[in-house]
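Trainee: need the 3D shape of this:
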Amino acid sequence: MKQVVLLFIFFMSVTRGAAQNFLIENAQYTITSETTVTFSKMNGFPKAFVIPSTVTYNSKQYTVTAIGNSAFENSALLQTISIPNTITEIGVKAFNACRDLTEITIPNSVVTIGESAFETCSSLVSVKIPSSVTSVGKRFLMSCHELKSVEFLNSITTIPEMSFLHCSNLESVVFPKSLTTIEATAFYGTNLSSVIIPGSVTTIGENGFGFNFLLKSVNIPSSLTSLSNAVFNGSSLTSVVCDSPVPLPITANFFKGVPLYNCILEVPASSVAAYKAHEEWSKFKSIVAKGTLGQTDFSSQKEVVAYPNPFSDEITLELKEKNTAQIEMIDCTGKVLLSQTLNPDGRIETHHLTSGLYFLKVSSENGSTIKKMIKQ
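Mentor: Numbering: from 1, shown residues only. Reported below is the predicted structural model:
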């Protein structure tokens, strides 16, 4: 009798264990509660796939609330994926090495994204992180070589180490206002040309923006308290704006690898003398009051006239000296939206820009200047 009872217990435990996983159309699911399951594994190599919001097993309906670890890893043919708004978690390596995946829409239900979730998704071009996401794992978009733009809509406080390491085409990042920490090598080896670090950031790790060879300008907030080494190592900075009225206590290694002899520093007007007296900050080519960068390059601001301001679909730019000029239109995030040689008639088409504040940078052999412009 005792043996029969033991066999019955063994049979029941095996049955319960087997019931935790089931297959529907080559997709494996794992039961996580009485009403929920995780999409745990894709068997096969589809080009397109729609993750269902609910599935039925043994006449019982379950809500799909998570994409499991390595669920689509190495799905070499996967090009498009549809994720339902029931998903709250994207697991570790969930889409790692899906090299043909061209786009991903993360629904505004996802709270966490695991380590390496989209690592080496080398065909992704743009990614938007919704405000529902509160944490992402390290390397979550590492080595996405075609990635050009990333937008964080808010809630994230930390961009982990190696998040965008070797995203060699990344040229635009919209940081969340909630951001406090950018970890080491987070943006190592990207294609950023201008960075405005949010005023909420207190920590940037070593080589946080290392080896961004095209990085020309950066804004450093006064909120920065943790000062790592070689934050901008290997960049080509020519313009640094520091908002802190008191020189941040940097060491010789903070700007390691940056040619400061070719870089202009902008600081609050009342702090120019203090920065010039600082052992490390004084190494810049020149130190000027904020808002005057480039104005001293021209003998008079009247040499560069831009109108109308506010503008709508067009700006006319007039230069006193008829030299070839390069123009850039930059938004408040530091993203360069327009870069071109000025047309002979001086007209700049701006119909594609949305309403808001912009910075018009004009550069010629006479120097450069930046003008604030408002689109109605």
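
Trainee: for residue 104, the count of nearby residues, please.
Mentor: 20 (other Cβ atoms under 10 Å). To be clear about C-beta, it is placed using only N, CA and C from the backbone, and glycine gets the same treatment.

Trainee: gap between it and residue 247?
Mentor: Look at residue 104 and residue 247: by Cβ to Cβ, to the nearest Å, they are 43 Å apart.

Trainee: now residue 266
Mentor: For residue 266, the distance to residue 247 equals 13 Å [Cβ to Cβ].

Trainee: these two - which one has more neighbours?
Mentor: For residue 266 versus residue 247, neighbours defined as other Cβ under 10 Å are more numerous around residue 266 (24 against 18).

Trainee: that one belongs to a strand?
Mentor: Yes - the assignment for residue 266 (DSSP: H, G, I helix; E, B strand; the rest coil) places it in a strand.

Trainee: which parts of the stretch 201-350 of the chain are helices?
Mentor: With DSSP state H, counting those that start in this stretch, the ranges of helices along the stretch 201-350 of the chain come out as 272-277.

Trainee: pretty sure residue 223 contacts residue 202?
Mentor: Yes - using Cβ atoms under 8 Å, residue 223 is in contact with residue 202, at 5.5 Å.

Trainee: what's the burial count for residue 270?
Mentor: Residue 270: 9 neighbours (other Cβ under 10 Å).

Trainee: one more: residue 376?
Mentor: Around residue 376 sit 10 other residues, with neighbours defined as other Cβ under 10 Å.

Trainee: tell me who's in contact with it.
Mentor: 310-312, 355 (Cβ atoms under 8 Å, 6 or more residues apart in numbering).

Trainee: nearest to residue 151 among those?
Mentor: Relative to residue 151, the closest of these is residue 355; by Cβ to Cβ it sits at 18.3 Å.

Trainee: next, that closest one: phi, psi?
Mentor: phi -60, psi 140 (degrees, to the nearest 10).

Trainee: look up phi and psi at the residue lying closest to it once chain neighbours are set aside.
Mentor: Counting by Cβ to Cβ, 6 or more residues apart in numbering, residue 355 lies nearest to residue 375, which is 5.2 Å off, once chain neighbours are set aside. Residue 375 adopts backbone torsions of phi -100, psi 130, taken as degrees, to the nearest 10.

Trainee: per-residue pLDDT of residue 375, please?
Mentor: Note for residue 375: predicted pLDDT of 84.

Trainee: what count of nearby residues applies to it?
Mentor: 18.

Trainee: cool, and residue 263?
Mentor: For residue 263, using other Cβ under 10 Å, the count is 22.

Trainee: could you pull up the residues touching it?
Mentor: 237-240, 284-285.

Trainee: low-confidence bits of this structure, can you list those?
Mentor: 1-19, 291-302, 321-323, 332-334, 366 (pLDDT under 70).

Trainee: isn't the residue nearest to residue 355 right next to residue 359, touching?
Mentor: No - with contact defined as Cβ under 8 Å, residue 375 and residue 359 do not form a contacting pair (11.9 Å).
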